[in-house]
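Novice: The following block contains a protein sequence and its predicted model.
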Amino acid sequence: QMVVDTRKTIDFEQGWSEINAGVEEFKLFLEGVKEKPESATVNMSLYTIVYNMCTQKTPNDHSKNLYVRYQQIFDDYIHASVLPALKDTHDEFFLRKFVHCWKNHKLMVRWMKKIFNYLDRYYVVRYNLVDLQAVGVDAFKSTVYEEVKGKARDAVLAQMEKDREGEIVDTDLLRDTLAIFQEVGMGSMEAYENDFEVYMLQSTQKYYRKCAMAWIAEDTTPDYLRKAEARLLEEEARVDKYLHVEGKSNLLREADATLLQEYEMRLLEKPDSGLFVLLSDERTEDINRMFRLFSRLPEGLEPMAKVFKAYIEEKGSDLIRQLDTANAQKSSKDAADHTFIKKAISLHDTFTGIVNGSLDSAPLFHKALREAFESFFNKTVSGRSVPELMALFADAILRKGGASKLAEDDMDGTLDKVVKFLAYISDRDMFAEFYRKKLARRLLYSTSCGEDAEKGMLTRLKQQCGQQYTSKMEGMVQDLQIAREKELDFRSWLDRKNTSLPVDMNVTVLTTGYWPSYKVLEMELPEKMVESLECFSKFHEETAKSRRLTWQLGLGSVHLKATFGKSYELILSPVQAGVLLSFDTLSQDTLSFQQLMDTMKIPQEDLSRSLHSLCLGKYKLLLKSTPDKKILTTDSFSINNKFVDRARRIRVPLPPVDDRRKVHEEVDKDRKHAVDAAIVRIMKSRKTLSHSDLMGEVITQLQRAFHPDVKVIKKSIEGLIDREYIERDSSKTQTYKYIA
């Protein structure tokens, strides 16, 4: 069975006249002459005509001609209606007309595409032609858009400037206009970027450069940044209102560069309102705003961090200068020494608060804070190093009564801060030695505020610097516990032997390796004291034969009962006690310096120091024959029978001994041993190493405790070569070998 096509063949011009009539009717609707578009019936009729014209057999298949006429419809419409309508309009009125024409054009493209749908689905696909949607859009782009894009762009930029100046603009109109720049790209942003965005960024730079020049000349840094922040927020809102979201980063980058990057250093260094002033006045909100804004810039925080560091360094140097000046006018430096650490803690608290708050805990500013404190913490303050001052300050807190003005939490917090300062000093071993000296005095003379506090401090130091750092100090604390047990054993031994001491005494046995080295005091003791010492020595020989006992008389104390009108209990050093007892032993009212030396068999220096405390100190128990403020070897001394004091129990202090030189000598000695050990350890592991690599590894290993001197390392290398621990490579003089 055959199907016969009974449709009448449609001539091209005949069919086109019917289609064109429908198009003209639709144009009347677009131009507002007709209120409604063609009905669905009419549209279906037109579609059928196109369908029939495209499906007729050759030579009556009019698809090609219809495709050409489709393009021509748009060209004719644009030249007849669109371009004339846009010709004599300007500014906002032009934009409104431009948007209106584009909307009408899109309606026309959509309507035409429906009518010519069959052509689009088959003919265009078969011959790989541009689809009808693109043909319609391209007709507008190539004719209307290319003609007026510059005029539209300038009108939009003019409206944007009014918007920036605070005038009311039609943001919907601007959004619709810029949508044309995007939509004519048919999915590509090239037209928007090249025809609008490039010029918009130039306009933005020009506008804000003018603003910035006026602000920088008239405003303070905080005022400038407040204005800049407000403008940047406006630009972000502007993107949301009518600019394309993909251009947001470019717009803000341009605004940031113009408002902030070009003037960053001037804003930071403004004499009356820059970062120095903000930090000095602790204007945290303004500092935070500066941080937020400069963090928008690539590497924008680095200049701010440098100025922040410079300010802290200046404050630290000012503190040192003030204390140097104050100390030069005072005889006692103790209070001033504590002042430095107290003020350093206050400075550190202030700037740490700023870094953690206003600066959002940014690592760059933590680093700047650390480097700034390192710069002035490794200077001297009134001739004293910061490690020494830290040890003195910690000692003042941990002594009895030293923490009386601090609550327990405050004491713990203060000690935490002191220990944290160890991260800023290069000579941590120097702090350890000074602290160990002070710890020894607190423990030996029972002036510590408590064992728990001492152990807590050692725990902090161990956490900060490692177990080896505190091993000797922990040994000292442990020593005292063992010594107390030994004292009880001694009492039990006396009971078992049914023996009593001629002079009651308490003995503390210490381990030499843990404690600082002390000068052995040689002196003639009273006979009864000697008997008591010999008794303890006998006990020690029976209970600890392997440990040799060395008496450190200079560290002891003697309690004497004396009568000067009324009875007193005097707490003295053994030498002080020996001086006073000599008057009883020799039964004389006056003794010469030489007589005392001969009786006590004591070095002149030690005798002079003790006589100074008894004659010229706070408690004048003796009178000297001359009015000099120094002890002379020609002086004679007598008991001060007129001595009187309100207290019944009196501790007579010895003049302080400046043992800083000794501490430095001991530290230098320990450092030489540490350098030797590090070299041997490295060479034993590496076997062969060049000079530069060995130097580098030694410095790396030791810098946690101290910064070794290059000269000391070189000297140690030479010493180890002489002692045949290492040798030079015979073929390479700058290379060393380990000798097994």
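Specialist: On my side now, so go ahead.
Novice: Average pLDDT for stretch 244-261, rounded please.
Specialist: Stretch 244-261 carries an average pLDDT of 92.
Novice: CA atoms of it as CSV?
Specialist: What follows is stretch 244-261, C-alpha atoms only, in CSV (Å, rounded to 0.1, in the frame of the first residue of the first chain):
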residue,chain,number,x,y,z
HIS,A,244,29.1,40.3,37.8
VAL,A,245,30.2,38.1,40.7
GLU,A,246,33.2,36.7,38.8
GLY,A,247,34.7,40.2,38.6
LYS,A,248,34.5,40.8,42.4
SER,A,249,38.0,39.7,43.1
ASN,A,250,39.4,41.9,40.3
LEU,A,251,37.5,45.0,41.5
LEU,A,252,38.4,44.6,45.1
ARG,A,253,42.1,43.9,44.2
GLU,A,254,42.2,47.2,42.2
ALA,A,255,40.5,49.1,45.1
ASP,A,256,42.9,47.5,47.6
ALA,A,257,45.9,48.3,45.6
THR,A,258,44.9,51.9,45.1
LEU,A,259,43.6,52.7,48.6
LEU,A,260,45.9,50.6,50.7
GLN,A,261,49.0,49.2,48.9
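Novice: which of the residues in that stretch are buried?
Specialist: 244, 247, 250-252, 254-261 (16 or more other CB atoms under 10 Å). To be clear about C-beta, it is placed using only N, CA and C from the backbone, and glycine gets the same treatment.
Novice: To which secondary structure element is the nearest residue to Asp219 once chain neighbours are set aside assigned?
Specialist: The shortest distance from Asp219 to any non-neighbouring residue, by CB to CB, 6 or more residues apart in numbering, is to Lys227 (7.0 Å). Element membership for Lys227, per DSSP states H and E: helix 221-241.
Novice: same deal with Leu560?
Specialist: Per DSSP H and E, Leu560 falls inside strand 558-564.
Novice: May I have the strands that pair with that strand, each with its orientation?
Specialist: strand 566-572 (antiparallel) (DSSP bridges).
Novice: Show me what secondary structure element comes after the strand it pairs with.
Specialist: helix 574-585.
Novice: Which elements pack onto whatever helix or strand comes next after that following helix?
Specialist: Following helix 574-585 in sequence order, the next helix or strand is strand 590-592 (DSSP H and E). Secondary-structure packing of strand 590-592 (3 or more CB pairs under 8 Å, 6 or more residues apart in numbering; DSSP states H and E): strand 636-639.
Novice: Partner strands of the following helix or strand past the strand it packs on, with direction?
Specialist: Using DSSP H and E, the helix or strand that follows strand 636-639 in sequence is strand 649-651. In the sheet, strand 649-651 lines up against strand 566-572 (parallel) (DSSP bridges).
Novice: what stretches of this protein score poorly on pLDDT?
Specialist: 1-7, 37-38, 329-337, 402-409, 658, 740 (pLDDT under 70).
Novice: just checking, what packs against the longest helix along it?
Specialist: Secondary structure of the chain per DSSP state H: the longest helix is helix 467-497. Contacts defined by 3+ CB pairs under 8 Å, 6+ apart place helix 467-497 against helix 428-444, helix 451-465, helix 527-543.
Novice: Arg649 is nearest to which of the ones you listed?
Specialist: helix 428-444 (19.4 Å; CB to CB).
Novice: that older thread, mind checking how far the residue nearest to Asp219 is from Thr220?
Specialist: Going from Lys227 to Thr220 by CB to CB, to the nearest Å gives 11 Å.
Novice: what about the strands in the chain?
Specialist: For the chain, strands defined by DSSP state E occupy the ranges 380-381, 384-385, 558-564, 566-572, 590-592, 622-624, 636-639, 649-651, 688-690, 726-728, 735-738.
Novice: Could you dump those strands into JSON lines with mean neighbour count and distance to Val530 added?
Specialist: What follows is the strands of the chain, written out as JSON lines (neighbours: other CB atoms under 10 Å; distance: least, CB to CB, whole Å):
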{"stretch": "strand 380-381", "mean neighbour count": "18", "distance to Val530": "46"}
{"stretch": "strand 384-385", "mean neighbour count": "20", "distance to Val530": "41"}
{"stretch": "strand 558-564", "mean neighbour count": "14", "distance to Val530": "13"}
{"stretch": "strand 566-572", "mean neighbour count": "16", "distance to Val530": "18"}
{"stretch": "strand 590-592", "mean neighbour count": "16", "distance to Val530": "21"}
{"stretch": "strand 622-624", "mean neighbour count": "19", "distance to Val530": "24"}
{"stretch": "strand 636-639", "mean neighbour count": "18", "distance to Val530": "24"}
{"stretch": "strand 649-651", "mean neighbour count": "14", "distance to Val530": "25"}
{"stretch": "strand 688-690", "mean neighbour count": "16", "distance to Val530": "58"}
{"stretch": "strand 726-728", "mean neighbour count": "16", "distance to Val530": "52"}
{"stretch": "strand 735-738", "mean neighbour count": "19", "distance to Val530": "54"}
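Novice: Just send those strands back as CSV, with distance to Asp349 too.
Specialist: Below are those laid out as CSV (distance: least, CB to CB, whole Å):
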stretch, distance to Asp349
strand 380-381, 19
strand 384-385, 23
strand 558-564, 45
strand 566-572, 40
strand 590-592, 57
strand 622-624, 49
strand 636-639, 53
strand 649-651, 37
strand 688-690, 45
strand 726-728, 49
strand 735-738, 48
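Novice: out of these, which comes closest to Leu347?
Specialist: strand 380-381 (13.7 Å).
Novice: what residues does the closest one touch?
Specialist: Ile320, Leu323, Asp324, Asp337, Phe340, Val386, Leu389 (CB atoms under 8 Å, 6 or more residues apart in numbering).
Novice: if we go to 7 Å?
Specialist: Residues from elsewhere that reach strand 380-381, judged by CB atoms under 7 Å, 6 or more residues apart in numbering: Ile320, Leu323, Phe340, Leu389.
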